[in-house]
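Engineer: Fold the following and give me the result.
(chains A and B)
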Amino acid sequence: MHPMLDRQSIVQQPDLVKAGIAKKRLSAPIDEIIAAYEQWRVVTTQLGEMNAKRNAVSKTIGALMAQGKKDEAETAKADAKEISDAIPEVEEKERILDSKLRELELSCPNMAHESVPEGASEEDNVVVRTRGEKQSFDFEPKAHWDLATALGILDFERAIKISGSGYAVYQGWGARLQRALFNYMIDLHTIHGEYLEVYPPYVVNTASLLGTGQLPKFEEDLYRVDDDHFLIPTAEVPVTNLYRDEILDVWQLPIKNAAFSGCFRKEAGAAGKDTRGIQRMHQFDKVELVKICLPENSYDELELLVTDAERVLQSLGLHYRVSLLCGPEMSFSNSKCFDLEVWAPGVGRYLEVSSCSNFEAFQARRANIRFRRAQGEKPEFAHVLNGSGVATPRLFIAILESYQQADGSIVIPEPLRPYVGTDRIEQ
RNA sequence: GGAGAGGUCGCAUAGUGGUCUAGUGCGCCGCACUCGAAAUGCGGUGUGGGGCAACUCACCGAGGGUUCGAAUCCCUCCCUCUCCGCCA
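Structural biologist: Predicted coordinates for the structure are as follows:
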């Protein structure tokens, strides 16, 4: 396991690190880390010296035995035992300091990049561009829950019966539209784009969740399956962790993966707000894009990632905006993040359908994802990025509400028609 | 789920308590030989930590234990393979 932020940076430029974290209005135990590291270094050096001494004496015992010098061997044994007996105590000290240091480091959020705007709340996010036009209606546009119920394509009541709130049953053309969206998006990214399609497991172990930063801090958001297994909250977890503990060849970079998967989130604390219909679900599906790249390219790759996600919305003729999040709106693990929000005329709001983030080396350190520039060179941590391309329930909402007609039918956007198999969903 | 076999430095293998701080082959890098290449020979070739450095420590699936000393012995767990059972 490696430091989550570079130890050298923390020790040498603690103020810079603190400032980067403070921009997110988060705090980190930087001074404690420095102190713990200092202590740990002393003890680890001491332990190394003791081990060296023991190894040396033990080696002479072997030699003495071979020469038949039994008495001398016995004397040496006594010496060695004395040293060996003293080791566990120091070992224990080292172990405690090491786990303390690791705990402190794991609790440390990533720093915000210098290009991230200062701010306090959502209000301070910067809209970098807006694309497409808000649809104009010569009637009052309905919300998706009304549209979908009337069309019989979503069944909320029976979803509650079989599972509870926060789940939906898609049926008929609704199920088909949803399935069409996955296929459409995956094709867009893999056939027309340069991503490799990946279909990951929905259950991952704790090591994977530590790797991408969901654990140890955010366990309350996750569904636990057993001691060591959780349902994935996003395909980001399994897909990023594909490369955990690997040293990649430089020619493999950038790695670009596109993964369809179900996602499972407890959404603890989010109940009640903006949850009507299928805006916020415990189970939803999305296509996730993950990139592993060279550190010097990661911010260019981030821009491209945003563009790749935007292509979904653009090609479907939807109105959306791209926002650069200010510090406090960013998540624990990322350095810079753009949100894509699609306009939903029925609910009258922009809905977040993608967060495209650069994690720099934060996830790579946790998950130990490295690359080598050339043979014989030291491995370096890669930069890791991800973003949805795009999340379905909200995309589904946007399509229903944007393409609704006065009679309650839904016109399917042109590029989606071959996938859905109709140009209109009606009663 | 049951029985058996096994997890060793990129790959393949050796190693069953003390020249193993892991041998050998292949691969890879360098050098030599060559007009050039092949072949051959010689040398090198893991990761992480501490130290200005020389150097040193840890790591043989993971974690414990026995011992002066563990890849090697013991315990627990994980994983792989073969066979059986079950089953999309």
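Engineer: Near RNA strand B, which residues of the stretch 1-150 of chain A are found?
Structural biologist: Residues of the stretch 1-150 of chain A that fall close to RNA strand B, judged by C-beta under 7 Å from any atom of the strand: A:2, A:7, A:41, A:44-45, A:47-49, A:51-52, A:54-59, A:61-63, A:65, A:77, A:80-81, A:83-84, A:95. All C-beta spots, glycine's among them, are computed from the backbone N, C-alpha and C.
Engineer: distance of the closest residue to A:Ile369 other than its chain neighbours from RNA strand B?
Structural biologist: Nearest residue to A:Ile369 in three dimensions, chain neighbours excluded: A:Tyr243, at 4.7 Å (C-beta to C-beta, 6 or more residues apart in numbering). Here A:Tyr243 is placed at a distance of 15 Å from RNA strand B (C-beta to the nearest atom of the strand, to the nearest Å).
Engineer: hey, where'd the helices end up in chain A?
Structural biologist: Along chain A, counting by DSSP state H, helices occupy A:7-12, A:14-22, A:30-66, A:70-106, A:144-151, A:156-162, A:173-190, A:206-212, A:236-241, A:298-315, A:362-367, A:392-402, A:417-420.
Engineer: For RNA strand B, what is the nearest residue in the stretch 251-400 of chain A?
Structural biologist: A:Pro379 (4.5 Å; C-beta to the nearest atom of the strand).
Engineer: returning to that earlier point: Serialize the helices of chain A to JSON lines and add fields for mean pLDDT and mean neighbour count.
Structural biologist: Below are the helices of chain A laid out as JSON lines (pLDDT from 0 to 100; neighbours: other C-beta atoms under 10 Å):
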{"stretch": "helix A:7-12", "mean pLDDT": "85", "mean neighbour count": "14"}
{"stretch": "helix A:14-22", "mean pLDDT": "93", "mean neighbour count": "16"}
{"stretch": "helix A:30-66", "mean pLDDT": "90", "mean neighbour count": "14"}
{"stretch": "helix A:70-106", "mean pLDDT": "89", "mean neighbour count": "14"}
{"stretch": "helix A:144-151", "mean pLDDT": "96", "mean neighbour count": "20"}
{"stretch": "helix A:156-162", "mean pLDDT": "94", "mean neighbour count": "13"}
{"stretch": "helix A:173-190", "mean pLDDT": "97", "mean neighbour count": "20"}
{"stretch": "helix A:206-212", "mean pLDDT": "92", "mean neighbour count": "21"}
{"stretch": "helix A:236-241", "mean pLDDT": "96", "mean neighbour count": "26"}
{"stretch": "helix A:298-315", "mean pLDDT": "98", "mean neighbour count": "20"}
{"stretch": "helix A:362-367", "mean pLDDT": "93", "mean neighbour count": "27"}
{"stretch": "helix A:392-402", "mean pLDDT": "96", "mean neighbour count": "26"}
{"stretch": "helix A:417-420", "mean pLDDT": "97", "mean neighbour count": "16"}
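Engineer: Using CSV, please lay out these together with distance to A:Gln283.
Structural biologist: As requested, the helices of chain A are arranged in CSV below (distance: least, C-beta to C-beta, whole Å):
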stretch, distance to A:Gln283
helix A:7-12, 39
helix A:14-22, 33
helix A:30-66, 38
helix A:70-106, 28
helix A:144-151, 17
helix A:156-162, 10
helix A:173-190, 12
helix A:206-212, 18
helix A:236-241, 15
helix A:298-315, 21
helix A:362-367, 24
helix A:392-402, 9
helix A:417-420, 22
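Engineer: can you tell me which of the ones you listed comes nearest to A:Ser409?
Structural biologist: helix A:144-151 (7.7 Å; C-beta to C-beta).
Engineer: What helices and strands are in contact with that closest one?
Structural biologist: Applying 3 or more C-beta pairs under 8 Å, 6 or more residues apart in numbering; DSSP states H and E, one finds that helix A:144-151 makes contact with strand A:154-155, helix A:173-190, helix A:392-402.
Engineer: go again using 10 Å as the cut-off
Structural biologist: Using 3 or more C-beta pairs under 10 Å, 6 or more residues apart in numbering; DSSP states H and E as the contact test, the elements touching helix A:144-151 are strand A:154-155, helix A:156-162, helix A:173-190, helix A:392-402, strand A:410-411, strand A:424-425.
Engineer: Take those and write them to a markdown table, including distance to A:Ala35.
Structural biologist: As requested, the helices and strands packed on helix A:144-151 are exported to a markdown table (distance: least, C-beta to C-beta, whole Å):
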| stretch | distance to A:Ala35 |
| --- | --- |
| strand A:154-155 | 56 |
| helix A:156-162 | 52 |
| helix A:173-190 | 46 |
| helix A:392-402 | 45 |
| strand A:410-411 | 61 |
| strand A:424-425 | 63 |
